[in-house]
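Participant: got a sequence here, can you build the structure:
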Amino acid sequence: MEEDVERSSEEGEEASKGIIVVGGGAAGLMAALFAARGGAVVTLLEGSRACGLKILVSGGGRCNLLPGASEDADFFTSGSRNVLRRLFKTWRLDDVIRFFEDDLGIRLVLEEETGKWFPSSQSARAVRDRLVEAVEASGARVRVGHRVEEIRPRPGAGGFEVAGHRAGEPFRLECARLVLAAGGRSLPKTGSDGAGYALAASLGHGLVPTYPALVPLTSSDRELRELSGVAAPVRWQAVAGGKLREERERPLLITHRGVSGPAVLDASHWMVRDGAALRVAWGALDEEGWRRHLVSESRRRVDALVADRVPRRLAELLVARAGIPGRLRAEQLNPKQWRRLLAVLCASEIPVDGDEGYAKAEVTGGGIPLSEVNPSTLESRRTPGLYVCGELFDTIGRMGGFNFLWAWVTGRLAGESAAQAACET
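Facilitator: Next up is the predicted model:
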């Protein structure tokens, strides 16, 4: 019979007073580690064959552990930004970096070009393995292949009863406190199927509607799609309801189905959730910047000048869309041609007709509102004794290690808070 059903009475009694962490991703591993270090008896339950499968695919297998710098504007939530600020003050970026290097012994290197921290080993597997090793060394029990299907508060006794299946066999466990770190819906091949949202709802939580975030977008622009593989720097804008919602500068990648790359992934939540328009300034130059560049060598052909800032095939398409013969020299442009060219270069709207879905999304938008937890502890306001962390929240970060930072910070706080409460009872 399943080992988690057949425990000794002593071990079962000890576990019933301890903590169960549901989910063995980045946030769950961090929660289990700090809960165990806080003196609690901890059992981590992961439904997949192994912990941290999403860590393994991060950064193209290199694991972009953390951003080089961070501020609350790097994150989006429909909830309170003051809560975000409070949460990130509980474990500042410099301290998280020191934890990975000094505590876990994972040497980090800052990639100047992208502004991301990577392990010097350039191995996501080494990071995942070290985290699991640290969790086990802390005394926490790690149980993989344990799919949690039901969580019920124990009436009268307090705490929770957790039930599910492992290899077709049922298991049932009890605990005094529970940390829900079951992840979102993104990258379902790593085991993220959104089950955590149903568990949260069964425990009284409301949910902001979920959607794919940091996701490639599809486009009806056939001419643009024919340039699949072409990348260029852009200044992107998300415009909804006639208002500018966000504007940033990052590279854009044209794909056979639409557009992707850091610029599009960062912008995508505005398009997917709000139906915002995606506008780009090619070459990441504004009108004045493009005008200065074009007049600096005004005897050169317009298409060649544009190709100084973006790949030639894209430059030829943009000039053609402005209705300007490519052989025309910049000094020959008349005022009307100048207006058309600058409009195409600085305010091209890319028609977006969909997205690549959760299978390609880096994270899940929406989820449990921040207002439904105590920001000092991440304990549920709906179900006492329940703590929440990671992607389940209605919070997403930009590309570049920000979502890992969110997982580390919230996982630590939830684990520490649950341990303190469990040990005080």
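Participant: could you use CA atoms for every contact and neighbour count after this?
Facilitator: Noted.
Participant: quick check: which ranges of the stretch 101-250 of the chain have low pLDDT?
Facilitator: By pLDDT under 70, the stretch 101-250 of the chain has no low-scoring segment.
Participant: can you give me the strands in it?
Facilitator: Remark: strands assigned in the stretch 101-250 of the chain by DSSP state E, counting those that start in this stretch are 108-111, 116-119, 141-144, 147-153, 160-166, 169-175, 177-180, 208-213, 217-219, 231-240, 243-254.
Participant: which residues does the nearest residue to Val162 once chain neighbours are set aside contact?
Facilitator: Leaving aside its chain neighbours, Val162 sits nearest to Ile151 (4.7 Å; criterion: Cα to Cα, 6 or more residues apart in numbering). Shown in contact with Ile151 (Cα atoms under 8 Å, 6 or more residues apart in numbering): 160-163, 199, 202-203.
Participant: ok, back up a step: and the strands of the stretch 101-250 of the chain, which is most packed in?
Facilitator: strand 177-180 (a mean of 28; mean count of other Cα atoms under 10 Å).
Participant: outline the domain layout of the protein.
Facilitator: 9-210+365-424, 217-355 (automatic domain parsing).
Participant: buried deepest among the ones you listed, which one?
Facilitator: Comparing the domains of the chain by mean neighbour count (mean count of other Cα under 10 Å), domain 9-210+365-424 ranks first with a mean of 20.
Participant: you'd agree Gly367 is in a helix?
Facilitator: No. Judged by DSSP: H, G, I helix; E, B strand; the rest coil, Gly367 forms no part of a helix; its state is strand.
Participant: just say helix, strand or coil for Asp95.
Facilitator: Assignment for Asp95 (three-state DSSP): helix.
Participant: Leu199 versus that one, what's the distance?
Facilitator: Going from Asp95 to Leu199 by Cα to Cα, to the nearest Å gives 32 Å.
Participant: ditto for Ala157
Facilitator: The value you get for Ala157 to Leu199, if Cα to Cα is used, is 20 Å.
Participant: need phi/psi at the most far-flung residue of the chain relative to its centre.
Facilitator: Distance from the centre of the chain peaks at Gln332, with 47.9 Å (Cα atoms, centre = their mean). Dihedral pair for Gln332: phi -90, psi 0, per degrees, to the nearest 10.
Participant: correct me if wrong: Thr56 contacts Leu131.
Facilitator: One thing to correct before we go on: residue 56 is Leu, not Thr. No. The pair Leu56 / Leu131 is not scored as a contact, 11.9 Å apart, by Cα atoms under 8 Å.
Participant: gap between the two ends of stretch 39-53?
Facilitator: 27 Å.
Participant: tell me the mean pLDDT over it?
Facilitator: Average pLDDT, stretch 39-53: 97.
Participant: what about that stretch, distance to the chain center?
Facilitator: 20 Å (Cα atoms, centre = their mean, to the nearest Å).
Participant: residues contacting stretch 89-97, please?
Facilitator: Outside stretch 89-97, the residues that reach it (Cα under 8 Å, 6+ apart) are 66, 69-70, 108, 405, 408-409, 413.
Participant: in CSV: the residues you listed, plus secondary structure.
Facilitator: Output for the contacts of stretch 89-97, formatted as CSV (three-state DSSP):
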residue, secondary structure
Leu66, strand
Ala69, coil
Ser70, coil
Leu108, strand
Leu405, helix
Trp408, helix
Val409, helix
Leu413, helix
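Participant: nearest residue to Arg147 in space, please, no chain neighbours.
Facilitator: Nearest one to Arg147, counting by Cα to Cα, 6+ apart, is Gly47 at 4.0 Å.
Participant: can you pull out the strands in the stretch 251-400 of the chain?
Facilitator: 258-260, 277-282, 348-350, 352-355, 363-367, 386-388, 396-397.
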